[in-house]
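Novice: Everything below, folded, please.
(one chain, ligands or ions: 3)
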Amino acid sequence: MEMVNIKINGIPVSAPKGSTILEAARIAGTEIPTLCFLKDINEIGACRICVVEVKGAKSLVASCVYPINEGMEVFTNTPKVIESRKQTLQLILSNHDRKCLSCVRSGNCELQALCKYYGVDDEGYYDGVRDRYEIDYSAAHMIRDNNKCILCRRCSAVCEKVQGIGVIGANERGFRTNISSPFEMGLGETSCVSCGQCIAVCPTGAITEKDNTAEVFKALADDTKTVIVQTAPAVRAALAEEFGNPIGTNAEGKMAAALRRLGFDKVFDTDFGADLTIMEEAHEFVERVKNGGKLPMITSCSPGWVKYCEHYFPDMTENLSSCKSPMQMFGATVKTYYAEKMGLDPKDIVVVAVMPCTAKKFEIGRDDMSAAGVADVDFAITTRELARMINRAGIQFNSLPEEKFDDPLGISTGAGVIFGATGGVMEAALRTAVETLTGEELPALDFVDVRGTQGIKEATYNVAGMDIKVAVASGLSNARELLKKVKNGEADYHFIEIMGCPGGCVNGGGQPQQPGYVRNTTDIKALRAKVLYDIDASMPVRKSHENEAIKQLYSEYFGEPGSEKAHHVLHTTYVKRGLYD
Ligand code: SF4
Ligand code: SF4
Ligand code: SF4
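Specialist: Residues are numbered from 1 along each chain as shown. Ligands and ions are numbered 1, 2, ... in the order given. All right, here's what the predicted structure looks like:
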C-alpha cells in the first residue's frame, strides 16, 4: 500500500494514499470533531466543524473530505480553528430550540457535547430570525422536530443510500432549507417503513422515537392489570451501553433484574417467541418445498422489511412467510394460551415488548394482530426507552444482580437468541428444517456461511438429497438488490432471510445511539452480534424444536405446527401498498 507522510500538529504520521486529513489524524491519535460526517454514507463537508489549518492554504479546510498529500502540515487545534468551530456552533444555536434540560438526547447529544467542549452556550450566539417548525407526529414510530435540526443530512443519507428509500430530505433552499418529506407530507403519509435508521444516526434530538414510557408506567401502577414484559434477543446485546458499559456487553441477567424491579408481573423472553416462530416457519418451509408452494419463502420477522415489501415489491408478498413475528406470536400466545392457563381475562393483560426496533411500534397496530380479540401486544418500547424507565425509577443498573427470566414463557434455546443478528433466523430455521426433512440429528449446529455482517450472504446445503439454496440480506438497499435478482430470474433461492436494518436487529433503529466517531471507527454490529452467538454457544439446548416449554405449548394447546389453531393465533396476512398509502 502506498503511504503518504505528513505532519499533524508537528508530529510525523504515515497514512495510506487517498486518506483524508480526518483519517490520517486518527492514525496519529487525534480525533477531529465532526457533525455531518458518516463514513461512506454522508461525506459532504457541510457542517464545517471538522475544519483544520493546512500550512500554505488560504483558508481553513474541511478535514473529512480533504485528501492528504506528501509533506502536508496540518494543525487541528490552533486559535483560528477553535474560533471557527465556536462560531459555527453559535450559528447553529442561533436557530436551535435550546431545550437541553428536558431534551431526550441530553447527555448523548453530539451538538451539546461539542458546545460543552468549546464553551459555547446561550451567551454570544447570533440573535437572528428563528424558524418555528410544526412538529411532525404523523408516523406511528417517530417524531420529527425540525426546531432541533442542524441540517447535517445524516438522516436523509441513511434513508436514501443505506435503506434505498429516500422519504426524507432537504426541501427549500438557503436559510429556508429544512428536512421534510416530499411535498411537505407528514412522514406517516409516505412509504417510510419505520425502520428508525435515521433516528440512530441523528446527532441531536430532532428525530426521536415516539415515547410510550408514561403509558407503561401507568399500566404498571394499575392493580387491575397483569403486566407482562417480553424482551427481544438484540436488546440484551446493547442495553448495557446506555449505562456506560462497552459495546458488546451482555446485559441479559441485569435486564431481567431491572424489569422485575420496575414492577412487571412476569418477566418473559421474546426468545421463546423466536423458538415458536421457528416451529411454524420451518414447518411452512418444509410444506412449501414438499407441496410446490410459493418459493423462495421469505422471512417475516422484521416489520420494517415487511412494510418495505408491501410498498416496493407488492407482487412478492405471497413469498412472505405467513408467520407473525416472534414479538406478535409471543403476545398472541400470552393472551390466548397463557391467559387460559392462568385463568386471566385477556382484556386485563398488558403485554409490553422491549424491542431494538422502532418499526415494532407500527407493527403492533397492523390489522390481524389481535388473536384474542384484543391487541396481541399493547406497547412496543425501544431499548432506549427501557433505559429511560430504569433511570427514571432510580434503579442502579450496573449494581443489579444477574437474574433469570420467569417460566414457562421465559424458556428458550440458542436458536431463539441468534434471531437478533443477520443470518440468525436462517440458521435457527435450518437447525429445525434440516432435522425435519432428514429425520436425523445434525452433526454440527453452526451454519457459518450465513453468519457475519456482510449485506448479502448466500449458501447451498444438500439436505436429504436436495440442494437447498438460501440467501440472507440485511439493510433494505441490499434487500432490493437481492430481490431484483430473484425477479429477473438470475437467482433461484428456496429460502431468504431479510432484516430491515443493516446487520439485523442488533443494529436496529431503537438501539442505543452511538456518536458519529464511534460509528465511523467501530464495527458495532459485529460486537453486539458476538454477544448473541456467545449466548447461543453456551446454551444447553440450541434447537427450537427441543425447547421443553415449546413442546408443552404444542401438546397443551396448538397440537401440531401449522394446525388450524396455530394458524389462527400465530399467522397473519399482508397488504399490497402503493408508494403513498
Ligand atoms: S438537541 Fe441537543 S443541543 Fe438541542 S436541545 Fe436537545 S440536547 Fe440540547
Ligand atoms: S424510519 Fe427509515 S424509512 Fe423512515 S425516514 Fe427514517 S430511515 Fe427513512
Ligand atoms: S433530523 Fe437529525 S440527522 Fe437529519 S438533518 Fe436534522 S439533525 Fe441531521
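Novice: how does this protein divide up, domain by domain?
Specialist: Listed domain ranges for the chain are 3-77, 93-209, 214-570 (source: automatic domain parsing).
Novice: which of these sits most buried?
Specialist: domain 214-570 (a mean of 21; mean count of other Cβ atoms under 10 Å). The way it works is simple: take the backbone N, C-alpha and C, and place the C-beta from them, glycine included.
Novice: Distance from the chain centre to that domain, please.
Specialist: 12 Å (Cα atoms, centre = their mean, to the nearest Å).
Novice: Does that domain reach ligand 1?
Specialist: No. Legend: contact between domain 214-570 and ligand 1 by Cβ under 6 Å from any ligand atom is lacking; minimum distance shown is 11.8 Å.
Novice: okay, and for the stretch 1-150 of the chain, where does confidence drop off?
Specialist: Along the stretch 1-150 of the chain, the model assigns pLDDT under 70 to residues 124.
Novice: same thing but 90
Specialist: 1, 121-132 (pLDDT under 90).
Novice: For it, just list every one of the strands.
Specialist: Here the stretch 1-150 of the chain has its strands, by DSSP state E, counting those that start in this stretch, at 3-8, 11-16, 51-54, 61-62, 73-75, 142-144.
Novice: which strands and helices sit next to the second one?
Specialist: Packing contacts for strand 11-16, counted by 3 or more Cβ pairs under 8 Å, 6 or more residues apart in numbering; DSSP states H and E, involve strand 3-8, helix 21-27.
Novice: ditto for the fourth one
Specialist: The elements that strand 61-62 packs onto, with contact taken as 3+ Cβ pairs under 8 Å, 6+ apart, are strand 51-54.
Novice: Show me what from the stretch 51-200 of the chain comes close to ligand 2.
Specialist: Residues of the stretch 51-200 of the chain lying near ligand 2 (Cβ under 6 Å from any ligand atom): 158-159, 163, 165, 167-168, 192-198.
Novice: Narrow the residues you listed to those in helices?
Specialist: Among those, the ones falling in helices (DSSP state H) are 197-198.
Novice: State whether Tyr554 and Glu560 are indeed in contact, as I suppose.
Specialist: Yes. Counting by Cβ atoms under 8 Å, Tyr554 does reach Glu560; the two are 6.7 Å apart.
Novice: Ok, which of the helices and strands packed on strand 11-16 comes nearest ligand 3?
Specialist: helix 21-27 (18.5 Å; Cβ to the nearest ligand atom).
Novice: helices or strands up against the closest one?
Specialist: So helix 21-27, by 3+ Cβ pairs under 8 Å, 6+ apart, packs with strand 3-8, strand 11-16, strand 51-54, strand 73-75.
Novice: wait, which of these is closest to Thr422?
Specialist: strand 11-16 (28.9 Å; Cβ to Cβ).
Novice: Tell me the strands beside the closest one, with direction?
Specialist: strand 3-8 (antiparallel) (DSSP bridges).
Novice: Give me the contact list for the strand it pairs with.
Specialist: Under the contact criterion Cβ atoms under 8 Å, 6 or more residues apart in numbering, strand 3-8 has outside partners 12-17, 19, 21, 24-25, 28, 30, 68-76.
Novice: before we move on, back to that, farthest-separated two in the residues of the stretch 51-200 of the chain next to ligand 2?
Specialist: Taking Cβ to Cβ, no two of these sit farther apart than Val158 and Ser194, at 13.8 Å.
Novice: ok so, going back, including distance to Leu579, could the domains of the chain go into a markdown table?
Specialist: Below are the domains of the chain laid out as a markdown table (distance: least, Cβ to Cβ, whole Å):
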| stretch | distance to Leu579 |
| --- | --- |
| domain 3-77 | 23 |
| domain 93-209 | 5 |
| domain 214-570 | 6 |
